[in-house]
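Engineer: take this sequence and fold it.
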Amino acid sequence: MLDIGAVTGDGREFHSDSQSEFAHFIKGCKYICGHNILNHDLKYLQEVISKSNVERLIDTLTPSWVLRNYPRVENILRFLRNKSCNACDYCADALSLDSALTKFFGFKDFRSYNGNPLQRDAVRAAGWDDSVKDMETRVKTSINALE
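Structural biologist: The predicted structure follows:
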C-alpha cells in the first residue's frame, strides 16, 4: 500500500502508508466514506476498520453499468447529494448552516434584522435551491410586518 488518504469532518487530514496510524486517525469516527471503498479499499483496510467503532461505510461509486441501464439515477443522485436525512449525526454536523458559518467565516451566528433571521433564510434558500422569488416574498413579508 502506497498511501492512505483521509479527511475528517473537522478538517483534520491524514496521509500515510501506516495502517496503525490510520486506525488511530479514525478513532471516534462513526462513518467512513470513499469512492469504491467497498470493492477496493476495504480489501486492504478490513482489519483496521473492523477493530474501529465505525458504524457505517458509505461508497460514493456509482457503477457505469447502473448509469448505462438506468440513466435517471444520475439525476436522482444529484438531487439527493448534500441533502440531509435529518436523522444522523453526520448530516446534522456536515450539512449544518451554523457549522459551515463558523468553519468558513468564523462567525457563531447569522445576522438578523429586527429579530428576523433574514440572512439565515437567504443562505438556506441558496443552499437548498429554494426559489429566489419565494425567498424575496418571505423577506418582503418580514419587512412589511415590521413597518
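Engineer: buried residues, stretch 55-66. List them.
Structural biologist: D59 (16 or more other Cβ atoms under 10 Å). C-beta coordinates here come from the backbone N, C-alpha and C atoms, glycine included.
Engineer: now stretch 14-26
Structural biologist: 14, 22, 25-26.
Engineer: kindly check the end-to-end length of that stretch for me.
Structural biologist: 10 Å (Cα to Cα, to the nearest Å).
Engineer: and if you look at stretch 58-76?
Structural biologist: Start-to-end, stretch 58-76 (Cα to Cα) is 17 Å.
Engineer: a markdown table for the buried residues of stretch 14-26, including pLDDT and secondary structure?
Structural biologist: Below are these laid out as a markdown table (pLDDT from 0 to 100; DSSP: H, G, I helix; E, B strand; the rest coil):
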| residue | pLDDT | secondary structure |
| --- | --- | --- |
| F14 | 91 | strand |
| F22 | 94 | helix |
| F25 | 94 | helix |
| I26 | 94 | coil |
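Engineer: pLDDT weak spots in the chain?
Structural biologist: 127-136, 138-147 (pLDDT under 70).
Engineer: which residues in this protein form strands?
Structural biologist: In the chain, the strands defined using DSSP state E lie at 4-7, 13-16, 31-34, 56-59.
Engineer: partners of the first one, with directions?
Structural biologist: Sheet pairing here is set by DSSP bridges, and for strand 4-7 it gives strand 13-16 (antiparallel).
Engineer: format the buried residues of stretch 14-26 as CSV; extra columns: distance to V48.
Structural biologist: Formatted as CSV, these follow (distance: Cβ to Cβ, whole Å):
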residue, distance to V48
F14, 12
F22, 6
F25, 10
I26, 8
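Engineer: just the closest of these to C33, please.
Structural biologist: I26 (11.6 Å; Cβ to Cβ).
Engineer: what's the nearest residue to that closest one if we skip its chain neighbours?
Structural biologist: Among residues not flanking I26 along the chain, S52 sits closest, at 5.3 Å (Cβ to Cβ, 6 or more residues apart in numbering).
Engineer: next one: the one you found from F22, what distance?
Structural biologist: Distance, S52 to F22, by Cβ to Cβ, to the nearest Å: 9 Å.
Engineer: what separation do you get for the residue positioned nearest the centre of the chain and C88?
Structural biologist: The chain has A94 as the residue nearest its centroid, 4.3 Å off, counting by Cα atoms, centre = their mean. Using Cβ to Cβ, A94 is found at 10 Å from C88.
Engineer: nothing else from me, thank you.
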